[in-house]
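Participant: Sequence isn't available, so here's the structure alone:
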């Protein structure tokens, strides 16, 4: 398991984290690059031009890289690092997860609400169960996540989940199988790592309780 909460895949390209010195699949890392005026910029989508520097999807690793001058060492030149770099990465990853869930909803690949989620689970249509971290524990234990890695996400707040569904709050949601769902799981794993909540990402305690 990588720091970002993902199983290591043999065909997943690896890069070395400049903070830990460990090599792992790119999917469990955050790419950074040099922006205008030599400012370190998080490249969440890994699409920006120029040389990239990789850090594990882990708050402690990002903070270490920022405070210990590891970006400058990797770049072999002076660089500027935002004071709130870890918070910035977390905000960008959260936005990414919300946007992907929203896209899945628009493509009829996501539903919210206890009854709809329960129906999807009963019909084996749900690939991933999402439950708000601040929702009622009694209500959440009535639903069981599907079997399989990455089938449960439990660290988003009700307000954060609501943003993906155009609502003020959401407690229960489910994702069907598909490419968008795979991307949600991947980005959620990185966000869980940065938040230090990997246990709420895959097979969390709530997901394992019987109804």
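Facilitator: On my side now, so go ahead. Worth saying up front: this structure is predicted, and the values here are computed from it rather than measured. Residues are numbered from 1 along each chain as shown.
Participant: Give me the neighbour count for residue 196.
Facilitator: By other CB atoms under 10 Å, the residues close to residue 196 number 12. Glycine gets a C-beta too; all of them are placed from N, C-alpha and C.
Participant: Spatially central residue in the protein, please.
Facilitator: Most central in the chain under CA atoms, centre = their mean is residue 188, positioned 2.1 Å from the mean C-alpha point.
Participant: wait, isn't that one in contact with residue 98?
Facilitator: No. Using CB atoms under 8 Å, residue 188 is not in contact with residue 98; the gap is 10.3 Å.
Participant: so how far is residue 92 from the closest residue to residue 35 other than its chain neighbours?
Facilitator: Of all residues not flanking residue 35 in the chain, residue 41 sits nearest, at 3.8 Å (CB to CB, 6 or more residues apart in numbering). Going from residue 41 to residue 92 by CB to CB, to the nearest Å gives 10 Å.
Participant: now residue 104
Facilitator: Here the criterion is CB to CB. By it, residue 104 lies 19 Å from residue 92.
Participant: burial count for the residue nearest to residue 164 when sequence neighbours are not counted?
Facilitator: Ranked by CB to CB, 6+ apart and with sequence neighbours excluded, the top spatial neighbour of residue 164 is residue 101, at 3.8 Å. Residue 101 has 31 neighbours, counted by other CB under 10 Å.
Participant: hang on, residue 101 in a strand?
Facilitator: No. Using DSSP: H, G, I helix; E, B strand; the rest coil, the assignment for residue 101 is helix, not a strand.
Participant: returning to what we had before: so which strand or helix has the residue nearest to the centre of the chain?
Facilitator: Element membership of residue 188 [criterion: DSSP states H and E] is helix 179-195.
Participant: Residue 155 contacts residue 192, correct?
Facilitator: Yes. Here residue 155 reaches residue 192: they are 5.7 Å apart, a contact under CB under 8 Å.
Participant: the more surrounded of those two?
Facilitator: Neighbours per residue (other CB under 10 Å) separate residue 155 from residue 192, with residue 192 holding more: 26 against 21.
Participant: measure that one to residue 156 for me?
Facilitator: Separation of residue 192 from residue 156 (CB to CB): 10 Å.
Participant: go on, residue 124?
Facilitator: Taking CB to CB as the measure, residue 124 falls 23 Å from residue 156.
Participant: Neighbour count: those two, which is higher?
Facilitator: Using other CB under 10 Å as the criterion, residue 124 and residue 156 rank with residue 156 on top: 29 against 9.
Participant: Wasn't the more buried one part of a strand?
Facilitator: No. Secondary structure of residue 156 (three-state DSSP): coil, not part of a strand.
Participant: Tell me how far it lies from residue 34.
Facilitator: Counting by CB to CB, the gap from residue 156 to residue 34 is 32 Å.
Participant: and if you look at residue 149?
Facilitator: Relative to residue 34, residue 149 is positioned 35 Å away (CB to CB).
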